[in-house]
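coords below, sequence missing:
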């Protein structure tokens, strides 16, 4: 279920996915809800483009560390690629 940051307290969350389109973000929200995963989603900036780099806004999905593996498995099952630090 979608949660507010306060739900997670002082816990440092794991970034598991960056949705670049609204349709993709809404789809992942439904998938996480159906899977019973608590998550936080916040808008943030990322760099996009190959030749002409631009700054864009996406939906960043975070989960508690103990749910990160399950969240990444759900993301992969949906045919999406989970966020990997450094790439």
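Okay, I see it. Here the structure is a predicted model, which is why all the values come from computation and not from measurement. Numbers count the residues shown, from 1 in each chain.

show me the residue at the heart of the chain, geometrically.
By Cα atoms, centre = their mean, the mean C-alpha position of the chain lies nearest to residue 61, the distance being 2.2 Å.

so that residue: helix, strand or coil?
strand (DSSP: H, G, I helix; E, B strand; the rest coil).

can you name the residues bridging to it?
Residue 61 has these beta-bridge partners by DSSP bridges: residue 17, residue 41.

hmm, it is touching residue 40, no?
Yes. With contacts defined as Cβ atoms under 8 Å, residue 61 counts as touching residue 40 at a distance of 7.5 Å. Where you see a C-beta, it was placed from the backbone N, CA and C, and this is true even at glycine.

report the buried residues of the lowest-mean-pLDDT helix or strand in the chain.
Of all the helices and strands that make up the chain, strand 40-48 has the lowest average by mean pLDDT, DSSP states H and E, namely a mean of 91. Residues 40, 41 are the ones in strand 40-48 that count as buried (16 or more other Cβ atoms under 10 Å).

how far off centre is it?
Using Cα atoms, centre = their mean, to the nearest Å, we find the averaged C-alpha position of strand 40-48 to lie 9 Å away from the chain's own average C-alpha position.

could you pull out the strands in the protein for me?
Using DSSP state E, the strands found in the chain span residues 14-19, 40-48, 54-63.

low pLDDT regions in this structure?
Scanning the chain for pLDDT under 70 picks out 85-87.

and the angle from the longest helix along it to strand 14-19?
With DSSP state H applied, the helix covering the greatest number of residues in the chain is identified as helix 22-34. Computed by axes from the mean of the first three to the mean of the last three Cα atoms, to 10 degrees, the angle separating helix 22-34 from strand 14-19 equals 140 degrees.

next, the buried residues of helix 22-34.
24, 25, 28, 29, 31, 32.

tell me the one among those residues nearest to residue 82.
Proximity of the buried residues of helix 22-34 to residue 82 (Cβ to Cβ) peaks at residue 28, which lies at 10.5 Å.

tell me the contacts of that closest one?
For residue 28, the set of contacting residues under the criterion of Cβ atoms under 8 Å, 6 or more residues apart in numbering consists of 17, 19, 59, 61, 75, 78, 80.

perfect, that will be all.
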